[in-house]
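Based on what follows, work out the 3D shape:
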Amino acid sequence: MSLQALIFDVDGTLADTERDGHRVAFNQAFAEAGLDWVWSVDLYADLLSVTGGKERIRYYLQRYRQDFQVPGGDDPGAFIADLHRSKTRHYVALLESGGIPLRPGVERLLREARDAGLRLAIATTTTPENVEVLLRTTLGEQAIDWFDVIAAGDVVPAKKPAPDIFSHALEAMQLPPEACLAFEDSQHGLAAARDAGCRTLVTVNDYTRGQDFSDAWLLVDHLGEPDHPCQVLQGDLGGDAWVTAEGLRRLFDRQG
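Here you go, the predicted structure:
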């Protein structure tokens, strides 16, 4: 079956948002709430084993702050939700400042895909607001309309590594997984896309470089640019020095 759509994760895939974006925003939210919590770069690497911001806070409480007394009672749900709303506000402010650029090759590939008639979608655990602000601040106001589907946040109950968010995007586009290529950066994301039936191109980053990506269709360090070639870590880019829409369609179709 020929390639018809590209489905992108966001955090770590479209942009390196984790270390200098989400982590910073979490710390700002903690300080604003009068908490002495500080998520260091190394600590955040462990916290990234859990997908979803609210889930990450809950995991932190369970593993690192067992003695913390949740304000207002034993159920931390409302407390966590308030903290996460604050974190989202701080993260959006960071995006609005223009401090989080897209990764190499992302904008080029998105534009090439549109010119080639490939459909685009988003499948992510981050909130819809975070996605929309990132697209608007890096690609312009019109970029939201480039994507047929933006599947984000709590639109499905089970987050990655569950395949639900990809299955949701596929259903919304009315496409079989065999016609789609997923883009991810993490082992959890790869598992989600794989279990939804999609081949997956993984672009590693500093947080995910050592993870197991043996199931990836293609593994590269980034998508590359004509003056900044990518490194192929696993798979075959067909001799190309960077990932292109034409090259992906050729490789995808050749491999059936």
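
in the chain, what spans have low per-residue confidence?
Low-confidence regions of the chain, defined here as pLDDT under 70, cover residues 256.

cutoff 80 now
Counting by pLDDT under 80, the chain shows low-confidence ranges at 72-75, 256.

Where do the strands of this structure begin and end?
Under the criterion DSSP state E, strands of the chain are mapped to 5-8, 119-123, 149-151, 180-184, 199-203, 218-220, 232-234.

Throw those into TSV and include distance to residue 71 and mean neighbour count, thanks.
Every C-beta, even on glycine, is put in place using the N, C-alpha and C of the backbone. Below are those laid out as TSV (distance: least, CB to CB, whole Å; neighbours: other CB atoms under 10 Å):
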stretch	distance to residue 71	mean neighbour count
strand 5-8	38	24
strand 119-123	34	24
strand 149-151	33	22
strand 180-184	36	27
strand 199-203	40	25
strand 218-220	44	21
strand 232-234	46	16
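
Return the distance of residue 242 relative to residue 222.
Plainly put, residue 242 is 9 Å away from residue 222 if you go by CB to CB, to the nearest Å.

just to revisit the earlier point, and the strands of the chain as a markdown table, adding distance to residue 36?
Putting the strands of the chain into a markdown table (distance: least, CB to CB, whole Å) gives the following:
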| stretch | distance to residue 36 |
| --- | --- |
| strand 5-8 | 37 |
| strand 119-123 | 35 |
| strand 149-151 | 36 |
| strand 180-184 | 34 |
| strand 199-203 | 35 |
| strand 218-220 | 40 |
| strand 232-234 | 40 |
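
got the buried residues for stretch 68-76?
For stretch 68-76, a neighbour-count test (16 or more other CB atoms under 10 Å) marks residue 76 as buried.

Could you tell me the end-to-end distance of that stretch?
Using CA to CA, to the nearest Å, the end-to-end distance of stretch 68-76 comes to 10 Å.

which other residues reach it?
Here stretch 68-76 makes contact (CB atoms under 8 Å, 6 or more residues apart in numbering) with 58, 61, 78, 79.

what separates the closest residue to residue 12 other than its chain neighbours from residue 36, distance-wise?
Leaving aside its chain neighbours, residue 12 sits nearest to residue 185 (3.7 Å; criterion: CB to CB, 6 or more residues apart in numbering). Per CB to CB, residue 185 is found 31 Å from residue 36.

between those two, who's got more neighbours?
Per other CB atoms under 10 Å, whichever of residue 185 and residue 36 has more neighbours is residue 185, with 26 against 6.

what about residue 225, how many neighbours?
Residue 225, neighbours per other CB under 10 Å, totals 17.

picking that back up, what do residue 242 and residue 222 both touch?
In contact with both residue 242 and residue 222: 105, 228, 230, using CB under 8 Å, 6+ apart.

beta partners of the second one?
Residues in a beta bridge with residue 228, per DSSP bridges, are residue 225.

what's the burial count for residue 156?
Here the number of neighbours of residue 156 (other CB under 10 Å) works out to 19.
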